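Novice: The following comprises the amino acid sequence and a computationally predicted model.
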Amino acid sequence: MALGAASPLTEQDCHHARLARDSRFDGRFYVAVKTTGIFCRPICPANLPKEQNVEYFIDQAEALEAGYRPCLRCRPDSAPGSWAWKGTETTFQRAITLIEQGALSGGSVDALAQRLGISARYLRQLFERYLSMSPKRYAQYHQLMFAKQLLFSSSMSVTDIAYASGFNSTRRFNDAFAKGLQLSPSQVRRRAPVQVENRIDLSFHGPLDWQRMCDFYALRAIRGIENVGTDYYQRYVDIDGSLGWFSARHQSQQALTIEFELNDIRQLKALVSRLRVMFDLNTDINAVEQHLNRVAPGLVRYSGIRIPGVWNAWEAGIRAILGQQVSVKGAITQLNRLVAGVAGTEEAVRFPSAQQLATSDLSFLPMPLSRKQTLVRFANLCLTDEKDDLDAWIALKGIGPWTVNYAALRGLSDPNRFLDGDLIVKKMNALFPDLNPNSASPWGSYATFHLWSHSQ
């Protein structure tokens, strides 16, 4: 038994969930089989082993550390992310997020600790407390699981996968793969790869109303940067100064198919991490809808509504400021003018940076001077270390709770931003008197989108 004190699940909980193959527990724990040396998701279709032959882990890396290798049938690397300790240790969760974004691929533990505002010693203690391993070891396990996902769900070359996963050479990648997963890359690679070279499938759990999400994006698309059709979403992205492009389609029941081009293949992990947040793929939407239906029967008019995020919080903040007290059409018109004016071209492929906006003459924008000044103040804030502090945002003149909540909802895919100050939400909320920020919690963002759906 390796659940640890940080897990809210008991051994008995895991036992019942495993026997029932309950999908609601997918990603919350993993089942390791002592007789085979393999660890699985609780929904694995393989024959159920005897209870005395299994042990449970809350994290894939712990199972790998204990000497187990991932099941090739249920693919633990594709399980929805659901950290049992979320909310109990913010610093540790931030460290996990940064490592998964590649913070230790080219950086040191000391640099990561400094970024978190703690000592390297304390950071190592956190990892020992929660995972019984060092940050570096966790980072390598995460690299290997990401590489395994690419080997299985893309037709990228092994060399490209090695570099995309954070390894500096194919030889080092092969050695780490064999040592860490007790498998060779060729054992994981599918025999009939897809024809498109740069393609990967991003799995998710539960329904996804992709048509509704595309419709939402289409009304708010930025000319030149985004292109939205009835069944696809495309856009250019900037990842640490490196330009990229991706296209997303919902071609299989439980996965989004992503085609991409990156100037720097090492940025693929960051792209995948961002897309999973942007398209809200890490959420168990069934649990969300069950909660909302219980609180406000009839609220879930369309199943599968997820948060249609934008590329980052900076872009979401600009969208929110331009969207204050105007229609969606009016807001996107002003956004297109802003992007084209700052970029100096009608169809830019990069969203303006905070530095560009802070130093731009915004006299070309037909809007009140106070709104332009708010944009500049926000851009200057985003050039400081306070850019991620939403309390600092709301302290700016011209930015209120609605703006901050909308930016957090779409830029961070925050699950609990109930926009009760929104005019449409207020109007539709009258149909569901028991629905409020407290009753909707922790799924206030989804309640907002479902209320919006009732106005259409």
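Specialist: It's in. Numbers count the residues shown, from 1 in each chain.
Novice: max-length helix in the chain?
Specialist: helix 135-153 (DSSP state H).
Novice: In three-state terms, how would residue 404 be classified?
Specialist: Put simply, residue 404 is helix when judged by DSSP: H, G, I helix; E, B strand; the rest coil.
Novice: could you say which helix or strand contains residue 63?
Specialist: helix 60-65 (DSSP states H and E).
Novice: Mind listing what's buried along the longest helix of the chain?
Specialist: Residues of helix 135-153 classed as buried under the neighbour-count rule (16 or more other C-beta atoms under 10 Å) are 135, 137-153. C-beta: built from backbone N, CA, C; applies to glycine.
Novice: Tell me which residues touch the one residue sitting closest to the centre of the chain, please.
Specialist: In the chain, the residue lying closest to the centroid (C-alpha atoms, centre = their mean) is residue 277, at 2.0 Å. Neighbouring residues of residue 277 by C-beta atoms under 8 Å, 6 or more residues apart in numbering: 309, 412, 413.
Novice: Domain ranges for the protein, per the record?
Specialist: 11-78, 90-188, 199-282 (automatic domain parsing).
Novice: What's the mean pLDDT across the first one?
Specialist: In other words, domain 11-78. For domain 11-78, mean pLDDT is 86.
Novice: Can you point out the buried residues in the longest strand anywhere in the chain?
Specialist: Taking DSSP state E as the criterion, the chain has its longest strand at strand 242-252. Across strand 242-252, burial judged by 16+ other C-beta under 10 Å covers 244, 245, 246, 247, 248, 249, 250.
Novice: Likewise for stretch 175-195?
Specialist: 176, 177, 180, 181, 183, 185, 188, 189.
Novice: Point out where the stretch 51-200 of the chain drops to low pLDDT.
Specialist: Within the stretch 51-200 of the chain, the ranges that satisfy pLDDT under 70 run 78-90, 130, 190-197.
Novice: Now do the strands in it.
Specialist: 54-57, 69-70, 199-203 (DSSP state E, counting those that start in this stretch).
Novice: Just name whatever secondary elements the first one is in contact with.
Specialist: The reference is to strand 54-57. Counting contacts by 3 or more C-beta pairs under 8 Å, 6 or more residues apart in numbering; DSSP states H and E, strand 54-57 is packed against helix 11-20, strand 30-33.
Novice: follow-up on the earlier one: what are the contacting residues of the helix holding residue 63?
Specialist: 2, 30, 32, 39, 57, 70, 76-77, 79, 131-133, 137-138, 141-142, 144-145, 180-181.
Novice: Format the strands of the stretch 51-200 of the chain as CSV; extra columns: mean neighbour count and distance to residue 452.
Specialist: Shown next, in CSV, are these (neighbours: other C-beta atoms under 10 Å; distance: least, C-beta to C-beta, whole Å):
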stretch, mean neighbour count, distance to residue 452
strand 54-57, 22, 39
strand 69-70, 21, 40
strand 199-203, 19, 25
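Novice: who wins for proximity to residue 326 among the ones you listed?
Specialist: strand 199-203 (33.6 Å; C-beta to C-beta).
Novice: Give the pairing partners of that closest one; include direction for each.
Specialist: Applying DSSP bridges, strand 199-203 is found paired with strand 255-262 (antiparallel).
Novice: Would you enumerate the residues in contact with the residue lying closest to residue 424 once chain neighbours are set aside?
Specialist: Leaving aside its chain neighbours, residue 424 sits nearest to residue 455 (5.1 Å; criterion: C-beta to C-beta, 6 or more residues apart in numbering). Residue 455 sits next to 424, 427, 428 when contact means C-beta under 8 Å, 6+ apart.
Novice: Pull out the buried members of those.
Specialist: For those, a neighbour count by 16+ other C-beta under 10 Å gives the buried set as residue 428.
Novice: Kindly reformat the helices and strands packed on strand 54-57 as TSV containing mean neighbour count and distance to residue 440.
Specialist: Listed next are the helices and strands packed on strand 54-57 as TSV, based on neighbours: other C-beta under 10 Å; distance: least, C-beta to C-beta, whole Å:
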stretch	mean neighbour count	distance to residue 440
helix 11-20	16	26
strand 30-33	24	31
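Novice: Please name the residues that touch residue 242.
Specialist: Neighbouring residues of residue 242 by C-beta under 8 Å, 6+ apart: 262, 263, 264, 267.
Novice: Which of the residues you listed are buried? Put it as a ChimeraX command.
Specialist: Buried residues within these, by 16+ other C-beta under 10 Å, are selected in ChimeraX with:
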select :262,267
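Novice: Pick the one among the contacts of residue 242 closest to residue 105.
Specialist: Comparing the contacts of residue 242 against residue 105 with C-beta to C-beta picks out residue 267 as the nearest, at 10.5 Å.
Novice: right, and that closest one touches residue 245 too?
Specialist: No - Residue 267 is beyond contact range of residue 245, at 11.8 Å (criterion: C-beta atoms under 8 Å).
Novice: Just give me the neighbour total for residue 45.
Specialist: 10 (other C-beta atoms under 10 Å).
Novice: tell me the secondary structure for it?
Specialist: Taking three-state DSSP, the label given to residue 45 is coil.
Novice: list the contacts for it?
Specialist: 21, 73, 74.
Novice: Check residue 198 too.
Specialist: With the criterion set at C-beta under 8 Å, 6+ apart, residue 198 makes contact with 154, 156, 259, 260, 261, 262.
Novice: Quick one: which of the contacts of residue 45 is the most crowded by neighbours?
Specialist: residue 74 (21 neighbours).
Novice: Which phi and psi values does it adopt?
Specialist: Torsion angles at residue 74 (phi, psi; degrees, to the nearest 10) stand at phi -100, psi -10.
Novice: nearest spatial neighbour of it, skipping sequence neighbours?
Specialist: Using C-beta to C-beta, 6+ apart and skipping the chain neighbours, the partner closest in space to residue 74 is residue 44 (3.7 Å).
Novice: next one: residue 426
Specialist: Excluding the flanking residues, the one nearest residue 426 by C-beta to C-beta, 6+ apart is residue 420, at 7.0 Å.
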